[in-house]
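Attaching a predicted model along with its sequence, questions to come.
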Amino acid sequence: MEYPRNFLLGGNAILSLWVFLAALAVWLHDQVFGYLFAIFVVASIYIVLRRTGCSSCAYCKVCTLGFGKLAGVFFGTGNLKRISVGNITAMVAFTYFFMAPLPIALISLSLVQESTILKIAVLICLLAISCASVLSWFSKPTKNSKHN
């Protein structure tokens, strides 16, 4: 597999922004839970999911240490893994729950209690990134597409 540099860097930058926004949304609802949530999400994505998705550099033309797979899983064309290392689909679905519905629900509850520009901006950004990620799963790969 090959991950173009722009896709690799852009996908991981947006994923990092998504993690930050999700943690911020939870933090705006409950600060202690927000810190714990941030640690949990960062560990589950950048340690567990990255290592689960990357088993050997033999499958990729250039080793990206699993970061190419992360970008492909969240912003690729929906092909989770051509060469499976167990059931990564369940882990991705689990991670999606913690990246989209949970923070969106908590920031929405927080907005009901107190409406601020920051909370509205975080909600809009979370919705935009979540929709972009989900919609990328339904896009058809082009002939020249070299990444998930």
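In hand now; what should we look at?

List of residues touching the top helix by length along the chain?
Using DSSP state H, we find that the single longest helix of the chain is helix 5-29. The list of residues contacting helix 5-29 from outside it, by Cβ atoms under 8 Å, 6 or more residues apart in numbering, reads 33-35, 37-38, 41-42, 45, 64, 67-68, 70-72, 74-76, 98-100, 102-104, 106-107, 109-110, 118-119, 122-123, 125-126, 129-130, 132-133, 147. For glycine as for every other residue, the C-beta is placed from the backbone atoms N, C-alpha and C.

Identify all contacting residues around the next helix-or-strand element following it.
For helix 5-29, the following helix or strand on the C-terminal side (DSSP states H and E) is helix 31-43. The contact list for helix 31-43, computed with Cβ under 8 Å, 6+ apart, reads 19, 22-24, 26-28, 95, 98-99, 103.

Buried residues, the longest helix of the chain. List them.
Neighbour-count burial for helix 5-29, with 16 or more other Cβ atoms under 10 Å as criterion, is recorded at 7-8, 11-12, 14-15, 18-19, 21-29.

For the chain, name the helix or strand with the lowest mean pLDDT.
Ranking every helix and strand in the chain by mean pLDDT, DSSP states H and E puts helix 50-53 at the bottom, with a mean of 66.

tell me the angle of the very next helix or strand once past that one relative to helix 5-29?
Reading on from helix 50-53 to the C-terminus, the next helix or strand found by DSSP H and E is helix 67-75. If you take axes from the mean of the first three to the mean of the last three Cα atoms, to 10 degrees, helix 67-75 sits at 60 degrees to helix 5-29.

packing partners for helix 67-75?
Using 3 or more Cβ pairs under 8 Å, 6 or more residues apart in numbering; DSSP states H and E as the contact test, the elements touching helix 67-75 are helix 5-29, helix 50-53, helix 117-138.

residues in contact with whichever strand or helix holds residue 104?
Residue 104 belongs to helix 101-113 when assigned by DSSP H and E. Defining contact as Cβ under 8 Å, 6+ apart, one finds that helix 101-113 is touched by 21-23, 25-26, 28-30, 37, 119-120, 122-123, 126-127, 130.

repeat that for 10 Å
By Cβ atoms under 10 Å, 6 or more residues apart in numbering, the surrounding residues in contact with helix 101-113 are 18, 21-30, 33-34, 37, 41, 96-97, 116, 118-120, 122-123, 126-127, 130.
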